[in-house]
Structure formats: structure tokens, C-alpha cells
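Engineer: Mind folding the following:
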Amino acid sequence: MTHLVGRRHWRGLLLAVILGLGSLVFLAALTADGGVPLPSVKVWGPYFGLALALVVGLWLMEGLRTKAILALIGSRIGFWSAVQVHLASNFAAAVTPLAGGGPPVATYLLWRRGIPLDRSLAMVSVRLLLTFGFFAVAVPALLLCSWHALELSRWLVAAAIGAVAIMLASFFLFFYFVYRPPLVERLASRFLRVVPFRLFLHNPEQIAAAIEKEVVKFSRTLTLLLQGGWGNLTLLIAYTIAIWALFFGVAPVLLLGLGLKVPWFTATARQIVLYFLLTYVP
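Structural biologist: You can find the predicted model right below:
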């Protein structure tokens, strides 16, 4: 991953890791006398190994999904390259508010790998749409079927319902604009004519036309994916479910390693709702 992350950036990555480990030690020291047990030998034994295996499995599954999406839209990338792109973009998401830095970094890194921009955008967009679809189904289902087990406040339930509604509206608006490039050009032209933009742009109309051209290419690429057949789409959905199952399985395993007997379903279900609220970007 040396050519994806420059040598001068490794010091920053190392500093981030050191700060993260230091934060864990600091929090453990603060909570040592508050009834929360410090990590015991059990955590660093089989439970920690199982949690680590889940994380590595998550990375590998993301690599397989990235390869599958790109293959459907006519591009190829090596498996380990796909894993590296995921790790780098995941790091960017982890250090930016609301994980908003992940998609742009993934798009850029795929482009650096020789994937055309429209296909890079399509891959990242499809991955986001699959994530939206997972939460759009999982969160309402949990709220309807496991209301009492979640033990969430009314404010959190209302926030989750509102976020799902906004997400679904964003989902439909996305497809509405993607398949109406002339409308996108008109909106972009009006937007770029605003005084602050005209101070820096010499030809807003030309830029708006370029945006329309990219939207046309993007919509054609997305159509290739939708024409891939139900078998391929089912495979992508299966990858997505497996990815989130691995992700949400880490915390219950670590809690068991700490000696805390928690209901597996409740711990996973509450994670799904709370993670959705914490990381959702309209």
C-alpha cells in the first residue's frame, strides 16, 4: 500500500495508532474502579483471537464485494488492491466527522488504480446504496419486532424513524437526478452563477456541461450494474449482509471476553440502530 499512502504519511498513521492505543489505556485506567473490569487474560486469548478473525474476515469480504461490483460494470482490480483501497478509505472515514471522508478517498484511490472516474464513482455509490438498503430494512424491522428488547428512549426511536425516512427520500432523489442529466446541468448552471462562484469561475456554463457529461457516463455505468441479473445482485446483497454481520459481531465477542454476559441479539440489535444514527450522512 506504499504507493497509495505516501511515505511522509506513515508518521501520521503511526501517531494515530499510538493516540488510539493511549486513549484505550486512559479509559481503562479511569474505569478500573468504577465496576468495569480491565481486560483480562481471556480477552487476549480466544475471545480476542475470534474478534480479530471477524475483523480480518470483514476486510476480506469488502475486497470481494469491491471486485464483484467493478466486474459487473466492466472493470477489474486485484483482490489485495481492493482490500487496500477499503482499508485506506476506512481510515479516512474513521478520522472525519460522520465518516464523510471515506467515499471521496475510495473514489480517488480507485481512480489512481486506473479505474475510470465514472466507474469509481459508481462502485462507491453502489456500496453506499447497499449499506443504505441494509439499514433501511434492518432498522425498521428491529423497531417493529424488537421494541422492548432494544430498550431505547422515545427520542432515539423517533430519530431512527426520521433518519430512515430521510434516507429513503435521498435514495429516490439520487436515482431521479442520475437519470435526468439535462436537469442536473440546469441546476448546476444556476448554482454556479451565484456571485461567490462567479468570482472564481470564468465559464460556469462550460463546467455545468462537463458535470452533465459525467452524470451521463455515470448513469450508463450504473445501468450496467442493474442489468447484471438477479444472481449477481443477490451475491452483492449476501456480501453486504455478511459484512455487517461480521462488523456487529465484534462487540459481543469482546464483551464475552470481559466476562460480561450480554444477550447476543440485544447487543447486536442496539448496535445496528445506534451505529446507524451515529454515522448516517444525508
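Engineer: how about stretch 133-141: buried residues?
Structural biologist: Neighbour-count burial for stretch 133-141, counted by 16 or more other Cβ atoms under 10 Å, picks out Gly133, Phe134, Phe135, Ala136, Ala138, Val139. For the C-beta atoms, the positions are set from N, CA and C on the backbone; glycine is no exception.
Engineer: what does stretch 147-156 give?
Structural biologist: For stretch 147-156, burial by neighbour count (16+ other Cβ under 10 Å) applies to Leu150, Leu152, Leu156.
Engineer: Rebuild those residues as a markdown table, extending it with secondary structure, pLDDT and distance to Tyr239.
Structural biologist: As requested, these are exported to a markdown table (DSSP: H, G, I helix; E, B strand; the rest coil; pLDDT from 0 to 100; distance: Cβ to Cβ, whole Å):
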| residue | secondary structure | pLDDT | distance to Tyr239 |
| --- | --- | --- | --- |
| Leu150 | helix | 76 | 26 |
| Leu152 | coil | 75 | 29 |
| Leu156 | helix | 80 | 29 |
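Engineer: Looking at those, spot the one nearest Gly45.
Structural biologist: Checking the buried residues of stretch 147-156 against Gly45 by Cβ to Cβ gives Leu150 as the nearest, at 31.0 Å.
Engineer: I figured the closest one was touching Arg270, is that so?
Structural biologist: Yes - when contacts are counted by Cβ atoms under 8 Å, Leu150 is listed as touching Arg270 (5.7 Å).
Engineer: ok, the buried residues of stretch 147-156 vs Leu121, which is closest?
Structural biologist: Using Cβ to Cβ, the buried residues of stretch 147-156 come closest to Leu121 at Leu156, 33.3 Å.
Engineer: returning to that earlier point: of the buried residues of stretch 147-156, which is the nearest to Lys261?
Structural biologist: Of these, the one sitting nearest to Lys261 (Cβ to Cβ) turns out to be Leu150, at 18.3 Å.
Engineer: What residues does that closest one make contact with?
Structural biologist: Leu142, Leu143, Thr266, Ala269, Arg270, Val273 (Cβ atoms under 8 Å, 6 or more residues apart in numbering).
Engineer: about what we covered before: specify which member of the buried residues of stretch 147-156 is nearest to Gly257.
Structural biologist: The shortest approach to Gly257 among these belongs to Leu150, at 23.6 Å (Cβ to Cβ).
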